[in-house]
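1. Build me a model from this:
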Amino acid sequence: MIQAFAMVALLATAQAEAAPAPSPVSPTVAPSAVARTRAAESDDLRAAFEQVRRLNDEGKVSAALSILQAARRRHSKSAELHWMLGVLQRTSKQMRHAELSFTRSVELDPKHVSARADLAMVLERRGAYAEALSSINRAASLSPNDPGIRADRAIIRYRLGQFDAAVNDMERAAKALKDDPDLALNHGLMLLTRGKKDDFDEAIKVLRRAQRYASDSPVVQLAYAQANLAAKRNKAALAAYDRVLDRSPKQAWANWGRGLVAFRSKDFEAARVYGAVARSAAPGIFTLAAHSRRTFFSSDAKAYLRWLDEHGTAAGKEGTSSLGVTAPSLSRLTIAGGCRRAPTKARLNTERGRISKCFGSNNGSVEVRVALTDGAVSEAEKTAGGVTKGVDLCVLEVMKRASYPPKATCSIRLTWSRTGETGGSSESSKMPVPSQPRALPGR
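-> Numbering: from 1, shown residues only. Predicted coordinates for the structure are as follows:
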């Protein structure tokens, strides 16, 4: 997008203004004083731009800013200089100063496309969406085929609730920027928010593309899970949510989604536990009062919220939302033999709800050996640990009935724990919620 261009590219265009204009006088006539002054000014600008580029490449943004601010006192009529100053001010989080610099650049050169587009995104961050749309529309009219401008306009239109127009702009931008995971993420979220017929299925396709280019991104993984949840593709949603929960057991939206899938399958104990974790991790969000279809996406989200209120996990009620609540966790997984570890783990993670029911109020762990032949369980036995006879037998029964990847022959040793000590980082529990506007660029 416009704001993401490399500084080298930004400064390259600036040098065109700094280049001396051809002398209007004959080569045999001495240059006038005005011509000499203009040439000196041009040389001074060019030297300043070169210095700024070098300092920026070295990561010395403050020093680069100082050079441009000094140059501005000598070249106050340079639209390019004001634009470049705005870019560096935005990089330094000086958003108000950046807005003033971009505005001045546009005043000096109304056809400066980059300044108009960058001004639009600064206005969008400030919440001045109508002004931002006016500025980005002017940039789009000057450069109608620029995919970055279309993507930026899509975000502004999204803020204004113009979902059809936002999706249209994002689709056109995506045709030119197919490998951009951030663009694909935002495209998928806009489709989910709009929620028309086939939008959920289309969002899944788009977010699969984002996964190809950002496979380790927890935000992309969470958005993909949300899309599958909205489309009621429960197995795919479970696997995606569990990948997020492996990293962050208390991530609010992953617990919410995991609980809603359990609620759909009438696994009410797991639905209660995951719902309680979500509510304790993000108080005030998972309530009937805060419900919005454009935030929760799924048509049965309200029914699940109401059920949570009726079964002892209502947010805000005394004693019902404990910070110590933790969903059942798969704390150790060892796979030996010919199985592919990732899909096998994903399938086994979908059994967390049943495992939770096995443990009940007990803490501890049990290790089970499961022998598979072509995806079917041929043997399941406890090999180490153990909680109680009832818990151990229950876990063995779950393992016998679990679904496994086809054509797999191997031995699996699993250790579960209800203590919540998974070793996962708690930092990722703070990652942005994809269904919220702040997860889009500009936030």
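
2. what about the strands in the protein?
-> In the chain, strands defined by DSSP state E lie at 329-337, 366-373, 376-385, 410-417, listed in chain order.

3. strands paired with the third one, and their directions?
-> Next to strand 376-385 in the sheet, as set by DSSP bridges, lie strand 366-373 (antiparallel).

4. Output the strand it pairs with as PDB, nothing but the C-alphas.
-> Extracted in PDB, the C-alpha atoms of strand 366-373 (Å, rounded to 0.1, in the frame of the first residue of the first chain):
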ATOM      1  CA  VAL A 366      -2.300 -39.700  32.000                       C
ATOM      2  CA  GLU A 367      -0.200 -41.100  29.100                       C
ATOM      3  CA  VAL A 368      -1.900 -43.300  26.500                       C
ATOM      4  CA  ARG A 369      -0.400 -45.400  23.700                       C
ATOM      5  CA  VAL A 370      -2.600 -45.600  20.700                       C
ATOM      6  CA  ALA A 371      -1.700 -47.900  17.800                       C
ATOM      7  CA  LEU A 372      -3.200 -46.900  14.400                       C
ATOM      8  CA  THR A 373      -3.500 -48.900  11.200                       C
END
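
5. Just the buried residues of that strand, please?
-> For strand 366-373, the buried set under the neighbour-count rule, 16 or more other C-beta atoms under 10 Å, comprises V366, E367, V368, R369, V370, L372. To be clear about C-beta, it is placed using only N, CA and C from the backbone, and glycine gets the same treatment.

6. which among the residues you listed gets closest to F286?
-> Within these, proximity to F286 (C-beta to C-beta) peaks at V366, which comes in at 31.7 Å.

7. Pretty sure that closest one sits against V387.
-> Yes. Between V366 and V387 there is a contact under C-beta atoms under 8 Å: 5.8 Å.

8. So for these two, which residues contact both of them?
-> Here V366 and V387 have no joint contacts, going by C-beta atoms under 8 Å, 6 or more residues apart in numbering.

9. is it possible to export the buried residues of strand 366-373 to TSV including distance to I136 and pLDDT?
-> Shown next, in TSV, are those (distance: C-beta to C-beta, whole Å; pLDDT from 0 to 100):
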residue	distance to I136	pLDDT
V366	58	75
E367	58	76
V368	58	76
R369	60	76
V370	56	76
L372	55	73
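
10. Serialize those to CSV and add fields for distance to K93.
-> Compiled in CSV, the buried residues of strand 366-373 are given as follows (distance: C-beta to C-beta, whole Å):
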residue, distance to K93
V366, 51
E367, 51
V368, 52
R369, 55
V370, 53
L372, 54
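
11. and which of those is nearest to A140?
-> Once C-beta to C-beta is applied, the member of the buried residues of strand 366-373 that ends up nearest A140 is L372, at 56.3 Å.

12. What's the separation between A165 and L100?
-> A165 sits 29 Å away from L100, going by C-beta to C-beta, to the nearest Å.

13. do the same with L119
-> Relative to L100, L119 is positioned 10 Å away (C-beta to C-beta).

14. Give me the common contacts of these two.
-> G86.

15. out of those two, which sits in the busier spot?
-> Neighbours were counted for L119 and for L100 using other C-beta atoms under 10 Å; L119 has more, 29 against 17.

16. so what's the closest residue to the more buried one other than its chain neighbours scoring on pLDDT?
-> Distance criterion C-beta to C-beta, 6 or more residues apart in numbering; nearest residue to L119, sequence neighbours excluded, is F102 at 3.8 Å. The model reports F102 with a pLDDT of 95.

17. and F102, how many neighbours?
-> 29.

18. remind me which residues of this structure are low pLDDT?
-> For the chain, the stretches with pLDDT under 70 are 1-41, 312-350, 352-353, 361-363, 374-375, 405-443.

19. run the last query once more with 80
-> Scanning the chain for pLDDT under 80 picks out the ranges 1-46, 49, 246, 312-387, 391, 395, 399, 401-443.

20. Against K111, how distant is A139?
-> In terms of C-beta to C-beta, A139 sits 10 Å off from K111.

21. before we move on, what about D152?
-> Distance from D152 to K111, counting by C-beta to C-beta: 18 Å.

22. So for these two, which sits in the more crowded spot?
-> Comparing D152 with K111 by neighbour count (other C-beta under 10 Å), the higher total belongs to D152, at 28 against 12.

23. Assess the claim that that one and A120 are in contact.
-> Yes. At 6.4 Å, D152 counts as touching A120 under the criterion of C-beta under 8 Å.

24. residue contacts, the residue nearest to L119?
-> When contacts are counted by C-beta under 8 Å, 6+ apart, F102 touches H82, W83, G86, A115, R116, D118, L119, V122.

25. Would you mind putting the residues you listed into JSON lines with distance to D169 alongside?
-> JSON lines is the format used below for the contacts of F102 (distance: C-beta to C-beta, whole Å):
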{"residue": "H82", "distance to D169": "27"}
{"residue": "W83", "distance to D169": "23"}
{"residue": "G86", "distance to D169": "23"}
{"residue": "A115", "distance to D169": "20"}
{"residue": "R116", "distance to D169": "16"}
{"residue": "D118", "distance to D169": "17"}
{"residue": "L119", "distance to D169": "18"}
{"residue": "V122", "distance to D169": "19"}
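
26. Can you tell me which of the residues you listed end up in helices?
-> The helices, defined by DSSP state H, take in H82, W83, G86, A115, R116, D118, L119, V122 from the contacts of F102.

27. Out of those residues, flag the one nearest to V61.
-> Closest approach to V61 among the ones in helices among the contacts of F102 (C-beta to C-beta): G86, at 13.0 Å.

28. So Q211 is in contact with V220, correct?
-> Yes. If you go by C-beta under 8 Å, Q211 and V220 touch, sitting 5.8 Å apart.
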